[in-house]
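**Student:** next come a sequence and a model predicted from it.
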Amino acid sequence: MEKIHITLIGKDDVLAAILAEQGAAKPGFQFSIAPDSASADPASDVFLLCDNAAPSDGGPLCIPITKPIKLAPLLDSAISGAQLRRLKQPRNLDEHCIFKPFARIIDNVATGRSVSLTEKEACFLCAILDTGTTGLQRKDAMTQLWGYHPDADSHAVDTTLYRLRQKLQEVGGLDPCLINDASVYKWVK
């Protein structure tokens with residue numbers, strides 16, 4: 001998964017030092033500091049607002065910091081907000097089809113066709129798209145999406161894959177893009 005980029009807006013040297021330390025300790029995070037939201041990196045997922053820092057006009061999630069600071073809940077809020085923001089972002093499956101994870105819909109803008117996905121189908125497709133070229137291993141899907149033991153004898157993944165392929169075919173012939181290569185699920189354009 002991509003790094004979560006958190007930007008501290010305003011001047012708080014102590015918090016900046018703590019966040020720099022956290023950033024070095026956690027490979028999934030990237031921290032930066034900016035004097036105001038106008039000079040902050042727009043690619044940030046979350047802005048932490050110190051003192052009287054003004055929120056941005058859209059874009060990243062803005063979390064005001066109140067003192068005393070409890071770092072763990074603050075980082076939990078930032079991570080949850082960043083993950084939710086990413087989940088809501090539409091993803092292009094090809095030049096005509098757009099997957100809207102939050103709405104659980106795939107739209108074909110060329111034909112006007114649309115198909116609804118179940119929660120598991122949408123989560124499965126998100127997980128496959130998030131893994132990129134490395135793909136999602138079946139055992140990871142079993143544990144992360146279904147909560148099963150990796151060696152459990154279940155057809156949940158197979159059934160979801162079958163139904164998802166049917167819907168991909170229905171909306172725009174995208175079913176060949178979803179491949180199963182030795183129990184590794186990948187999206188290829």
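**Tutor:** Ah, there it is.

**Student:** C-alpha only now, for contacts and for neighbours.
**Tutor:** Noted.

**Student:** check contacts around the closest residue to residue 88 other than its chain neighbours.
**Tutor:** Closest residue to residue 88 apart from its sequence neighbours, by CA to CA, 6 or more residues apart in numbering: residue 102 at 4.9 Å. By CA atoms under 8 Å, 6 or more residues apart in numbering, residue 102 lies in contact with 87-89.

**Student:** most neighbours of all those, which one?
**Tutor:** residue 87 (16 neighbours; other CA atoms under 10 Å).

**Student:** quick one: contacts for that residue?
**Tutor:** Here residue 87 is in contact with 101-102 (CA under 8 Å, 6+ apart).

**Student:** ok, now with 10 Å
**Tutor:** Going by CA atoms under 10 Å, 6 or more residues apart in numbering, residue 87 touches 81, 100-103, 123, 126.

**Student:** all helices for the chain, in order.
**Tutor:** 13-25, 71-88, 119-131, 138-144, 156-172 (DSSP state H).

**Student:** who are the packing partners of the third one?
**Tutor:** In other words, helix 119-131. strand 97-100, strand 136-137, helix 138-144, helix 156-172, strand 178-180, strand 184-187 (3 or more CA pairs under 10 Å, 6 or more residues apart in numbering; DSSP states H and E).

**Student:** now that helix: buried residues?
**Tutor:** 120-131 (16 or more other CA atoms under 10 Å).

**Student:** I'd like the contacts of residue 102 laid out as CSV, including pLDDT and distance to residue 24.
**Tutor:** Shown next, in CSV, are those (pLDDT from 0 to 100; distance: CA to CA, whole Å):
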residue, pLDDT, distance to residue 24
87, 71, 26
88, 75, 28
89, 83, 28
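
**Student:** adding distance to residue 31, write those out as CSV.
**Tutor:** Putting those into CSV (distance: CA to CA, whole Å) gives the following:
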residue, distance to residue 31
87, 21
88, 22
89, 22
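
**Student:** closest to residue 42 out of the buried residues of helix 119-131?
**Tutor:** Distance to residue 42 across the buried residues of helix 119-131 (CA to CA) is lowest for residue 130, with 21.3 Å.

**Student:** quick check: the closest one touching residue 101?
**Tutor:** No - the criterion here is CA atoms under 10 Å, and residue 130 misses it with residue 101 at 11.9 Å.

**Student:** many thanks, have a good one.
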